[in-house]
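> The following comprises the amino acid sequence and a computationally predicted model.
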Amino acid sequence: MNVCVPNEGDCGLGTREGTRTGTDCKQTIKTQRCKIPCNWKKKFGGECKYDFQAWGECDLATGKKNRTGVLKRALMDATCAATVTATKPCGKILKTKLQVSAKPWHQGLKR
């Protein structure tokens, strides 16, 4: 499998081996420069790019919400799942508080 291997970390510039075929090719294996974008979903592989739906409703039982991604593009020779599911915590559930004052602000001023 010819996947992009980053020079440092898990994304950015890197190299991969490319294979050429044909009778006119003097060199059949060549090292090529490549790049793994750092904003791609690394959980699903740096070579796989997905189109994700909007986040679903919060599941109060698990405290998480999900969304599904469909494979949009795969870099050279990458093995990618056709669909993936991402999960994240729901975050804080906002509670609205009514701030009712006992008396209007101008009545509480001393003169």
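Thanks, I have it. Keep in mind it's a predicted model, so treat the numbers as computed, not measured. Numbering: from 1, shown residues only.
> For the lengthiest strand in the chain, which outside residues touch it?
Across the chain, the strand with the greatest residue count (assigned by DSSP state E) is strand 64-74. Residues outside strand 64-74 that contact it (Cβ atoms under 8 Å, 6 or more residues apart in numbering): 41, 44, 47-59, 80-90. Backbone N, C-alpha and C define where each C-beta goes, glycine included.
> quick one: which of these sit in strands?
Cross-referencing the contacts of strand 64-74 against strands under DSSP E gives Cys48, Lys49, Tyr50, Asp51, Phe52, Thr83, Val84, Thr85, Ala86, Thr87, Lys88, Pro89.
> The second one - how many residues pack around it?
Counted with other Cβ atoms under 10 Å, residues neighbouring Lys49 total 19.
> ok, Lys64 to Phe52 distance?
15 Å (Cβ to Cβ, to the nearest Å).
> Near the closest residue to Cys90 other than its chain neighbours, how many other residues are there?
Spatial nearest neighbour of Cys90, chain neighbours left out: Cys58 (3.8 Å); criterion: Cβ to Cβ, 6 or more residues apart in numbering. A total of 15 residues lie near Cys58 under the criterion other Cβ under 10 Å.
> Over to Glu8?
8.
> Check which helix or strand it maps to.
Assignment of secondary structure by DSSP states H and E places Glu8 within no helix or strand.
> so how far is Lys49 from it?
According to Cβ to Cβ, Glu8 stands 21 Å off from Lys49.
> What of Glu57?
Glu57 is 26 Å from Lys49, by Cβ to Cβ.
> One more: Lys72?
From Lys72 to Lys49 the distance is 5 Å (Cβ to Cβ).
> Would you check that Arg20 makes contact with Gln32?
No - applying Cβ atoms under 8 Å, one finds Arg20 not in contact with Gln32, separated by 10.3 Å.
> Could you give the number of residues near Gln53?
Gln53 has 11 neighbouring residues, counting by other Cβ under 10 Å.
> do the same with Cys90
Cys90, neighbours per other Cβ under 10 Å, totals 14.
> residues contacting it?
Cys90 touches Cys58, Asp59, Gly63, Lys64, Lys65, counting by Cβ under 8 Å, 6+ apart.
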